[in-house]
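Chemist: this one's structure only:
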């Protein structure tokens with residue numbers, strides 16, 4: 001895991017603690033499902049879902065202050081929006097709210113973005129050593145390398161042939 005600046009690391013830890021309280025603070029004994037204050041507040045019709053949006057908005061605002069890209073902020077807002085819209089449905093929304101865990105998703109998105117942003121100056125082999133590797137999760141730079149390119153046309157590998165005056169071929 002890359003070293004983040006101290007202020008970003010502290011802020012991310014605080015956001016992850018908040019997300020844990022909102023999404024996974026309590027364990028339901030029989031089922032084993034973890035729920036948080038977000039799911040509990042969602043049981044109160046109307047006001048519970050609005051109250052659950054306050055910590056989600058704080059996580060989104062903190063992501064903006066930490067320098068998240070507009071694309072990451074849009075994904076975070078979409079996660080919170082899906083949680084709010086479907087969570088507003090009386091019974092189904094509460095079940096969805098217990099499973100979706102948008103705050104945890106948002107802090108994970110933010111952490112991944114900040115770590116990748118911090119890694120941009122590192123050489124490629126060092127970045128590859130930090131993560132699991134497959135052709136599906138290869139970094140952008142490696143996808144454009146010749147190893148991942150489509151197989152070249154076979155004619156490119158054959159040496160250029162010049163025609164012999166008697167009709168025989170010989171390499172140039």
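Modeler: Everything's here; your move. For clarity, every value in this text was computed on a predicted model and none was experimentally measured.

Chemist: what residues does the helix or strand hosting residue 78 touch?
Modeler: In the assignment (DSSP states H and E), residue 78 maps to helix 70-87. Applying C-beta atoms under 8 Å, 6 or more residues apart in numbering, the contact partners of helix 70-87 are 38, 42, 49, 52-53, 56-57, 59-60, 63-64, 68, 92-94, 96-97, 100, 102-103, 105-106, 109-110, 113. For the C-beta atoms, the positions are set from N, CA and C on the backbone; glycine is no exception.

Chemist: And for stretch 13-21?
Modeler: If you take C-beta under 8 Å, 6+ apart as the criterion, stretch 13-21 is touched by 36, 37, 55, 58, 59, 62, 103, 104, 106, 107, 110, 111.

Chemist: State the mean pLDDT of the first helix or strand past the helix holding residue 78 going along the chain.
Modeler: Going down the chain from helix 70-87, the next helix or strand is helix 92-100, by DSSP H and E. Per-residue pLDDT values across helix 92-100 average out to 87.

Chemist: Now for this structure, the helix or strand with the poorest mean pLDDT.
Modeler: helix 154-157 (a mean of 49; mean pLDDT, DSSP states H and E).

Chemist: For the protein, give me the ranges with low pLDDT.
Modeler: Applying pLDDT under 70 to the chain flags the ranges 1-2, 119, 121-172.

Chemist: check contacts around residue 36.
Modeler: 20, 21, 22, 23, 24, 25, 26, 101, 103.

Chemist: what distance separates the start and the end of stretch 12-32?
Modeler: Taking C-alpha to C-alpha, to the nearest Å, stretch 12-32 runs 27 Å from one end to the other.

Chemist: buried ones in that stretch?
Modeler: Buried positions in stretch 12-32, judged by neighbour count with 16 or more other C-beta atoms under 10 Å: 12, 15, 16, 18, 19, 20, 22, 23, 24.

Chemist: Among those, which ones are in strands?
Modeler: In strands, defined here by DSSP state E, there are no members of these.
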